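>>> sequence first, then the predicted structure, then my questions.
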Amino acid sequence: MQIKRKNIFKKYKWLKEKKRPFIISSDYDGLICASFLSHYLNWELVGYYDYNSIWLSEDAHKYKKKIIWVDLNILPKAGKSIGGQIVSMDEHTPPGFETSFNANIIANITSKDFKQKFPFSTLLLLMWLYNIQYKKNDIGKLLILHSDNSWMKIQKYQSNVNFWIDKLENYNWDVLFEGIDSIDYENKIDQFLYSKLIQMGAVSKFGKLSSKYLNIKSREGMLNPDWDGDIFLNLFHLYAEILGWTPPQLPNIYKRIEGKKFKLPLSHIKAIGLNKFLKDNKIFSYAITNPTNFSYTIFQSYYKND
């Protein structure tokens with residue numbers, strides 16, 4: 001069954017609102033989403049979250065129940081999020097996620113269906129939703145498809161990619177993905193994009209994936225808002241120069257809230273029951289990151305914190 005934009009906008013009316021405050025994951029994926037949302041919806045960046053800490057501006061504190069959490073999965077019912085991680089263990093949506101736009105929830109993909117997990121980035125989900133086409137075969141395409149290493153997943157998981165192309169209707173996926181499955185594309189990634197990001201300090205480690213032809217290791221890295229502001233600005237300027245997306249203003253961070261991040265076997269959660277585990281442990285955010293692991297973060301309470 002196809003996922004239709006009109007049904008998404010009907011269910012999540014806030015996705016059409018302008019000037020919403022939002023918080024992003026503090027990495028490349030979150031930052032490029034921030035540029036997109038700033039440009040097309042005039043949303044206001046008010047903080048960052050790296051699954052250990054939350055960085056807040058005064059506006060984030062002031063409007064905390066109106067915040068959209070982008071490229072993130074947060075559980076409190078007062079929050080709304082946009083993301084693509086698996087959060088369900090069965091056909092029931094966990095309480096707290098009814099208000100969040102998550103590709104896997106919409107497609108009824110659970111931990112039992114990991115081979116059909118949403119394979120693209122949050123950015124590509126947003127581009128599809130707002131029908132923002134990108135038809136150039138240039139550096140901009142490299143920037144877009146680097147988000148969440150989408151280009152490598154397109155190379156390696158073609159069956160699942162086709163499954164999602166069929167689900168996400170009326171978009172120029174064939175144009176956007178043209179040429180990715182080639183040595184030439186990999187050379188462009190290695191010789192231009194990765195070298196550029198390394199020079200900027202925007203990637204700090206190798207990821208788990210490798211390319212199909214040249215065995216290029218994926219590059220990734222979490223950034224720290226306490227000292228990586230220059231990298232944030234450089235990436236925003238790069239997106240503006242190449243993609244034409246108006247960069248957001250960097251939020252003036254006044255407060256950091258520390259959480260605690262944990263990982264448990266998924267079998268442990270199944271034995272207890274997901275809803276009971278979430279409630280008993282007051283989980284703030286979580287994701288089922290692979291068929292056997294459950295990662296989560298707790299805070300004393302973000303929504304009660306002054």
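The structure has been received and is ready for your questions.
>>> where does this structure dip in pLDDT?
For the chain, the stretches flagged by pLDDT under 70 are 77-78, 301-306.
>>> just the helices in this structure please.
5-11, 28-41, 58-62, 103-106, 122-129, 139-146, 150-156, 158-167, 173-177, 183-188, 195-200, 229-243, 266-272, 274-280 (DSSP state H).
>>> for the ones you listed, which one sits closest to Asn215?
helix 183-188 (9.2 Å; CB to CB). (Glycine included, C-beta is placed from N, CA and C.)
>>> for the closest one, which residues meet the burial criterion?
Tyr185, Glu186, Lys188 (16 or more other CB atoms under 10 Å).
>>> coming back round to it: tabulate the helices of the chain (TSV), appending distance to Lys80.
Listed next are the helices of the chain as TSV, based on distance: least, CB to CB, whole Å:
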stretch	distance to Lys80
helix 5-11	12
helix 28-41	13
helix 58-62	14
helix 103-106	13
helix 122-129	14
helix 139-146	24
helix 150-156	24
helix 158-167	22
helix 173-177	27
helix 183-188	35
helix 195-200	30
helix 229-243	23
helix 266-272	24
helix 274-280	17
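>>> middle-most residue in this protein, spatially?
Asp71 (2.6 Å; CA atoms, centre = their mean).
>>> rewinding a little: from the buried residues of helix 183-188, pick the one nearest Met152.
Glu186 (9.4 Å).
>>> which ones are touching the closest one?
Each residue near Glu186 by CB atoms under 8 Å, 6 or more residues apart in numbering is listed here: Ser211, Lys212, Tyr213, Leu214, Ile216.
>>> the second one: neighbour count?
Meaning Lys212. 16 (other CB atoms under 10 Å).
>>> hmm, it is touching Tyr157, no?
No: applying CB atoms under 8 Å as the test, Lys212 and Tyr157 come out as separate, 10.9 Å apart.
>>> thinking the residue nearest to the centre of the chain is in contact with Thr122, fair?
Yes: counting by CB under 8 Å, Asp71 touches Thr122, with 4.2 Å between them.
>>> common neighbours of these two, please.
Joint contacts of Asp71 and Thr122 (CB under 8 Å, 6+ apart) are Asp29, Cys33, Ile82, Gly83.
>>> can you name the two of those that sit furthest apart?
Across the shared contacts of Asp71 and Thr122 (CB to CB), the longest gap, 11.4 Å, separates Asp29 and Ile82.
>>> I'd like the distance between the residue of the chain most remote from its centre and Phe277.
Taking CA atoms, centre = their mean, the residue of the chain most remote from its mean C-alpha position is Ala271, at 28.9 Å. The gap separating Ala271 from Phe277 is 9 Å, by CB to CB, to the nearest Å.
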